[in-house]
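[1] The amino acid sequence is not available; the structure is as follows:
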């Protein structure tokens, strides 16, 4: 129902922070992963009638939305951050190897 709200909040924050962060952290990768997931989940929730374009927007009440955000949205967002962290680490290692081989 509302699991996409957690990565949406994270994407808003990382988009703002990413503009000031060093390029070596590849925030553009993280933002692409987060916003892409948000778009995909929003479309899926709209197609199932869980999200509507008029108030109150979510067809379920807060007692149903909050547990889903904690149970699904938070772990999903943490997984995205973990995958991004691994991607950044691999890119840093690969960059160091290329510099070493060129020297």
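    That came in fine, so what should we check first? Given the structure is predicted, the values throughout are model-derived calculations rather than measurements. Residues are numbered from 1 along each chain as shown.
[2] buried residues in the longest helix seen in the chain?
    Looking across the chain with DSSP state H, the single longest helix is helix 74-102. Neighbour-count burial for helix 74-102, counted by 16 or more other CB atoms under 10 Å, picks out 76-77, 80, 84, 88. Placement of C-beta: from N, CA and C, glycine included.
[3] distance of residue 47 from residue 41?
    From residue 47 across to residue 41, the span is 11 Å (CB to CB, to the nearest Å).
[4] nope, residue 94 is what I was after
    When residue 94 is compared with residue 41 (using CB to CB), they lie 31 Å apart.
[5] outside of stretch 76-86, which residues touch it?
    Applying CB atoms under 8 Å, 6 or more residues apart in numbering, the external contacts of stretch 76-86 come out as 3, 6-7, 10, 26, 29-30, 33-34, 37.
[6] do the same with stretch 38-54
    1-4, 7-8, 11, 57-60.
[7] same question for that stretch, mean pLDDT?
    Averaging pLDDT along stretch 38-54 gives 90.
[8] Look at that stretch and report the distance between its end residues.
    19 Å (CA to CA, to the nearest Å).
[9] Can you get me the centre-to-centre distance for it and its chain?
    16 Å (CA atoms, centre = their mean, to the nearest Å).
[10] Buried residues in that stretch, which are they?
    So stretch 38-54, judged by 16+ other CB under 10 Å, has buried residues 38, 41, 45, 50-51.
[11] I'd like those residues as CSV, with distance to residue 100 appended.
    Below are the buried residues of stretch 38-54 laid out as CSV (distance: CB to CB, whole Å):
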residue, distance to residue 100
38, 38
41, 41
45, 47
50, 51
51, 50
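[12] Could you dump these into CSV and include distance to residue 72 and secondary structure?
    As requested, the buried residues of stretch 38-54 are exported to CSV (distance: CB to CB, whole Å; DSSP: H, G, I helix; E, B strand; the rest coil):
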residue, distance to residue 72, secondary structure
38, 13, helix
41, 10, helix
45, 12, helix
50, 12, coil
51, 14, strand
